[in-house]
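# 3D, please:
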Amino acid sequence: MKLAREKSIGKRGLPRVWKNNWIHHAWMCLLPILFIACSSSLGKIQMENVDAIITQSEMAIEQARRVNAQTLASDTVQQAEDALASAKDAIQAKDGLRAMHLAYNALTYAQIAEQEAMYKSQGNGLNAIIKSRDVTIVALQGKLETADKAVEQSRTDIQQLKTQKNQLQVNMGKKLQESEQAHQATLHDYSIVKTEYAGLQSKLDTTQTEFLQAQSQVEEHERQIRQLRRELVDAQALVETARKEAAEAQTRAAAQAQSYSKQIERLEQSNVTKQRSNTLVQKRQAAKAYVQQQHRRQPARTNSTSLTGAQVARGRAAISDWALAWAAKDIDQYLNKYTQDAVLEHTIIRSSNERHTELHRPQMVNALKKMMNTEWQETNSKFDADGKHVVGTYRFSCLSQDSIGENAPALHDVWTREIWVRQVDTEWKIFRESWRVYEAVPRYSTAFN
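Presented below is the predicted three-dimensional model:
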């Protein structure tokens, strides 16, 4: 009884032990593959391999059904079918690792179900167990070969990844070196630009300081000009006062001359002075004739003026502008100072002989251009106001052509110009000019009386 019971227990327990050992060996074979598949450094699992395992699982399940495993090992067959369905779902979810794992489970459960069904159908014989183990060993060997190939492929992939990693590290090192060089170059350029900026800022500060100083100088010059203008007005007022005093002195001189004339008349009554009186009369008549001749050539002087101080100042400013244009030899600006009907009285004195000519604007322009070619030096000038006119008198001199020679005496040509200006609308224009040119004379005092 005991022996029968042990045999009975052995028959019932042997498939269970065999089943547990089969699963143990299967997981021992699949565990390296799962570790390889789970490692992130071994690359991705190919879906073609998963499809092949699923096909094998489907064939194994079909083979198990042929030996009536759905009846003899229904639980195992159901596990195989569930694992196969889950593997297909994993394929739809693009989860290759889980799909391969479930496909291998389905294949294993299907083979176990087939072996279990065959074992049960043949009556728990030892030969059937050995045969099933041989088949299992062969299958596992095939799986191990597949796993070895996968491991070898994974090692190849790992080596390639290491090579790529080393290449990437080399490239990264080069890029870092280039970046560092570019950074150093940028710092160098920035240092240069910063230095240049500091220099430009210093120049700007210096320029601004100089500008402020120049602006202060301009303001000071403007203040001085205003002061000089006020002084000029005061001086013109003083000149006007002096002119009035001169007119009064002239009036007193005329009265005194009249007194002298009366005394001379009393002397003429004496026989002792009769001859002298005759001589004085002749000289007086000659002087009167000369004065009348000069008066015919020159505008009559009134010795008084109706101009205000401001008008006299503007007339003098117009004459000064005329003189500056003459000094600059700016013929256009110079001629612009004359009226269209301006008249030039030209007198040349040489060896007590006078040649008088009256020139209008076209002839005057030619004479001015001719005189401008000679280097005249201004020696003196003065200003007067007479009637409604402002009169400017200038004296120029230059070395005479008669002085050119080794033994020739130093003679000069002296040119006296008298300019009359009047107000035309809002401007002051020259309407009359008088020249007296003394040729080949000794240089005399340049001061006007």
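# helices of the stretch 151-300 of the chain, start to end?
When assigned using DSSP state H, counting those that start in this stretch, the helices of the stretch 151-300 of the chain occupy the ranges 274-297.
# where does the prediction get shaky in it?
235-236, 239, 242-243, 245-247, 249-250, 252-300 (pLDDT under 70).
# repeat for the stretch 301-449 of the chain
Ranges of the stretch 301-449 of the chain meeting pLDDT under 70: 403-409, 444-449.
# could you pull out the helices for it?
Under DSSP H, counting those that start in this stretch, the stretch 301-449 of the chain gives helices at 309-327, 331-335, 361-372.
# how many neighbours does Asp95 have?
By other C-beta atoms under 10 Å, the residues close to Asp95 number 16. To be clear about C-beta, it is placed using only N, CA and C from the backbone, and glycine gets the same treatment.
# from Leu200, how far out is Leu168?
46 Å (C-beta to C-beta, to the nearest Å).
# for stretch 350-359, buried residues please.
For stretch 350-359, a neighbour-count test (16 or more other C-beta atoms under 10 Å) marks Leu359 as buried.
# contacts for it, please.
Under the criterion C-beta atoms under 8 Å, 6 or more residues apart in numbering, residues Arg297, Val343, Leu344, Glu345, His346, Thr347, Ile348, Ala367, Tyr438, Glu439, Ala440 lie in contact with stretch 350-359.
# and for stretch 318-328?
333-334, 337, 372, 378, 381, 383, 390, 392, 394, 419, 421, 427-430.
# CA atoms only: put it into PDB for me.
The C-alpha trace of stretch 318-328 is given here as PDB (Å, rounded to 0.1, in the frame of the first residue of the first chain):
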ATOM      1  CA  ALA A 318      29.500 151.300 -45.200                       C
ATOM      2  CA  ILE A 319      32.800 153.000 -45.900                       C
ATOM      3  CA  SER A 320      34.700 150.500 -43.700                       C
ATOM      4  CA  ASP A 321      33.100 147.600 -45.700                       C
ATOM      5  CA  TRP A 322      34.200 149.300 -48.900                       C
ATOM      6  CA  ALA A 323      37.700 149.600 -47.600                       C
ATOM      7  CA  LEU A 324      37.800 145.900 -46.600                       C
ATOM      8  CA  ALA A 325      36.500 144.800 -50.000                       C
ATOM      9  CA  TRP A 326      39.300 146.900 -51.600                       C
ATOM     10  CA  ALA A 327      41.900 145.300 -49.300                       C
ATOM     11  CA  ALA A 328      40.600 141.900 -50.200                       C
END
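# use 42 as the first number from now on
Sure, I'll start numbering at 42, so the last one becomes stretch 359-369.
# centre of the chain to that stretch, how far?
43 Å (C-alpha atoms, centre = their mean, to the nearest Å).
# can you give the domain ranges for this structure?
With domains defined by automatic domain parsing, the chain comprises 52-209, 254-307, 348-482.
# export these to JSON lines and tack on distance to Ala223?
Listed next are those as JSON lines, based on distance: least, C-beta to C-beta, whole Å:
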{"stretch": "domain 52-209", "distance to Ala223": "20"}
{"stretch": "domain 254-307", "distance to Ala223": "46"}
{"stretch": "domain 348-482", "distance to Ala223": "62"}
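# and those: which comes nearest Lys235?
domain 254-307 (28.6 Å; C-beta to C-beta).
# quick one: the longest strand belonging to the chain to chain centroid distance?
Criterion DSSP state E: the longest strand present in the chain is strand 468-482. Chain-centre distance of strand 468-482: 57 Å, with C-alpha atoms, centre = their mean.
# buried sites along it?
469-482.
# and among the helices of the stretch 342-490 of the chain, the most buried is which?
helix 350-368 (a mean of 17; mean count of other C-beta atoms under 10 Å).
# how far out from the middle of the chain is stretch 112-120?
90 Å.
# now do the strands in the stretch 92-241 of the chain.
Secondary structure of the stretch 92-241 of the chain (DSSP state E, counting those that start in this stretch): no strands located.
# so which of the helices of the stretch 342-490 of the chain is nearest Val118?
helix 372-376 (125.3 Å).
# would you mind pulling up the elements that that closest one packs against?
Where contact means 3 or more C-beta pairs under 8 Å, 6 or more residues apart in numbering; DSSP states H and E, helix 372-376 is packed against helix 350-368, helix 402-413.
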